[in-house]
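Trainee: Just to be clear, the model below is a prediction. Sequence and coordinates:
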Amino acid sequence: MCSLSGALPSPEDYPRVLPLPSPSAWVGAVQWFGLAFSPGPQDPDHSAISLPEEQPSDIAESVRHPVQMCNHRVPSSPAAAKNRAAQVAQEDAKVRVMATPLVLSGSSLNTFLRCPKQWEFAYVQRIKEPPTLRLALGSAAHTAVEFDLREKMETGDDQPLEQMQDTFRDEFEKESYGAEDTPKETKGQALDSGVKCVEVWHKKVAPDTHPLAVEEEVQFSINGVPIAGTIDVVKQVGDPTSWFESKRIIGDWKFVGKKPQDAGTYLLNMIGYGIGLRQKTGLKEDGIVLDHLVRTKEPYHFPIASKGPIPDESIDAYGDIVAGVARDIEAGSFPPTGLQGHACSWCGYKARCPAYKAAHI
């Protein structure tokens with residue numbers, strides 16, 4: 001059985017863990033999760049701005065673990081010394097992360113599945129990517145929605161649209177500091193696009209969103225691997241005064257550049273949120289929904305929702321993937337698979353990635 005810490009309502013319901021899939025199978029693993037989704041209304045196609053997937057959030061600080069130097073030869077030149085110092089720094093970083101108890105999140109899982117080398121840059125070497133307009137917009141819009149839902153939990157009412165848009169503008173200004181214009185979008189265009197998306201949220205999504213919890217932190221362990229995450233919102237359908245009498249829908253919102261075909265890699269996050277909610281409350285979710293705000297010339301709302309709770313086979317597959325990723329991380333295996341998955345096109349680490357540079361000589 002999947003090894004989950006704590007007590008779920010019905011732990012015997014979870015099936016046995018399947019053999020660990022090979023690394024080549026992990027990228028497509030979301031295809032066999034077994035969740036049935038129904039997309040929202042089919043909007044006409046619009047000319048889309050291409051956006052990257054969500055970037056990883058940080059994890060707990062590592063504890064420094066010095067690398068033994070006694071067997072290293074003395075460098076023969078300043079250049080050799082510099083190269084050796086860089087090599088030692090990378091070895092030191094790897095030792096530090098392996099010496100620290102591993103805690104994964106949905107974002108870090110997705111990063112590793114997309115490209116283990118990207119995971120190494122982000123979580124082992126801890127190299128911070130420069131800010132981009134796309135990421136700044138997503139972060140600022142997320143904050144504006146969060147503030148609205150927190151207000152709604154207190155008062156029962158949404159914030160005025162103008163207040164939400166002001167929150168977005170203030171956050172975008174902070175998040176986009178240092179971000180450069182791109183051939184497809186200037187800072188002013190990104191700001192205007194985000195303001196329009198917030199308006200669509202306020203008109204189309206907010207009226208039917210009744211939060212039971214906002215930015216709810218969850219923690220659990222599956223197959224011996226600790227997982228941490230933050231649920232954007234737990235929505236209620238039914239009795240607005242009770243967790244127990246109303247239906248509980250786990251929600252997440254994404255500001256994307258084109259209409260998604262399915263839940264994609266965000267499905268990993270949602271399954272983790274479902275497990276975490278069950279562990280924390282003893283209650284099973286009634287469904288999950290991804291509210292996409294599609295950032296076209298005229299933005300629109302495109303929801304993708306499950307037809308019920310997260311099924312057993314999805315939790316089983318999730319446990320397999322978590323165990324396999326943790327195994328490779330602990331072994332220090334970080335191959336640059338982004339070259340095959342086309343993740344390099346927007347990766348902020350490609351300028352320093354040896355595999356990318358070798359493939360683009």
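Mentor: Now that the structure is in, tell me what you want to look at. Numbering: from 1, shown residues only.
Trainee: Check which residues of the helix or strand encompassing residue 252 are buried.
Mentor: In the assignment (DSSP states H and E), residue 252 maps to strand 247-256. Across strand 247-256, burial judged by 16 or more other Cβ atoms under 10 Å covers 248, 249, 250, 251, 252, 253, 254, 255, 256. Where C-beta positions appear, they are placed from N, C-alpha and C, glycine not excepted.
Trainee: mind putting the residues you listed in CSV, distance to residue 138 and pLDDT included?
Mentor: Shown next, in CSV, are these (distance: Cβ to Cβ, whole Å; pLDDT from 0 to 100):
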residue, distance to residue 138, pLDDT
248, 26, 92
249, 22, 95
250, 19, 96
251, 16, 95
252, 12, 94
253, 10, 92
254, 8, 92
255, 5, 93
256, 9, 91
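Trainee: Next up, the contacts around residue 226.
Mentor: Residues near residue 226 by Cβ atoms under 8 Å, 6 or more residues apart in numbering: 101, 102, 103, 104, 219, 220.
Trainee: Counting by contacts, list what the helix or strand following the strand holding residue 252 packs against.
Mentor: Next along the chain after strand 247-256, taking DSSP H and E as the criterion, comes helix 266-281. Other helices and strands packing on helix 266-281, by 3 or more Cβ pairs under 8 Å, 6 or more residues apart in numbering; DSSP states H and E, are helix 106-114, strand 211-222, strand 225-237, strand 247-256, strand 287-294, helix 312-330.
Trainee: Of these, which is nearest residue 336?
Mentor: The minimum distance between residue 336 and these falls on helix 106-114, with 10.9 Å, by Cβ to Cβ.
Trainee: which other residues reach the strand holding residue 252?
Mentor: 51, 54, 137-138, 141-142, 145, 194, 197, 201, 205, 209, 212, 231-238, 266, 269-270, 273-274, 277, 283, 285-295, 305.
Trainee: Report the strands that pair with it, each with its relative direction.
Mentor: Its sheet considered, strand 247-256 pairs with strand 225-237 (antiparallel), strand 287-294 (parallel) by DSSP bridges.
Trainee: most tightly surrounded among those strands?
Mentor: Comparing the strands paired with strand 247-256 by mean neighbour count (mean count of other Cβ atoms under 10 Å), strand 287-294 ranks first with a mean of 24.
Trainee: Quick one: work out the angle between that strand and helix 266-281.
Mentor: Strand 287-294 and helix 266-281 are oriented at 140 degrees to each other (axes from the mean of the first three to the mean of the last three Cα atoms, to 10 degrees).
Trainee: the helices in the chain, which residues?
Mentor: 23-26, 78-99, 106-114, 116-119, 133-155, 161-175, 187-200, 266-281, 312-330, 338-341, 354-359 (DSSP state H).
Trainee: which one of these has the lowest average pLDDT?
Mentor: Across those, helix 23-26 has the smallest mean pLDDT, namely a mean of 35.
Trainee: Surely residue 230 touches residue 215?
Mentor: Yes. Contact criterion Cβ atoms under 8 Å: residue 230 and residue 215 qualify, at 5.5 Å.
Trainee: before we move on, the earlier item: could the helices and strands packed on helix 266-281 be laid out in JSON lines, adding distance to residue 154?
Mentor: Converted to JSON lines, those look like this (distance: least, Cβ to Cβ, whole Å):
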{"stretch": "helix 106-114", "distance to residue 154": "28"}
{"stretch": "strand 211-222", "distance to residue 154": "10"}
{"stretch": "strand 225-237", "distance to residue 154": "14"}
{"stretch": "strand 247-256", "distance to residue 154": "18"}
{"stretch": "strand 287-294", "distance to residue 154": "21"}
{"stretch": "helix 312-330", "distance to residue 154": "34"}
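Trainee: of the ones you listed, which approaches residue 131 most closely?
Mentor: Among those, the nearest to residue 131 by Cβ to Cβ is strand 247-256 (15.8 Å).
Trainee: Dump stretch 332-344 to CSV, restricted to CA.
Mentor: Extracted in CSV, the C-alpha atoms of stretch 332-344 (Å, rounded to 0.1, in the frame of the first residue of the first chain):
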residue,chain,number,x,y,z
GLY,A,332,22.3,12.9,-7.2
SER,A,333,21.0,12.1,-10.7
PHE,A,334,20.1,15.2,-12.6
PRO,A,335,20.1,14.5,-16.4
PRO,A,336,19.2,17.4,-18.8
THR,A,337,16.0,15.9,-20.2
GLY,A,338,14.6,19.4,-21.0
LEU,A,339,16.3,19.1,-24.3
GLN,A,340,13.9,16.3,-25.3
GLY,A,341,10.8,17.9,-23.7
HIS,A,342,11.4,21.4,-25.2
ALA,A,343,11.6,23.0,-21.7
CYS,A,344,14.8,24.8,-22.8
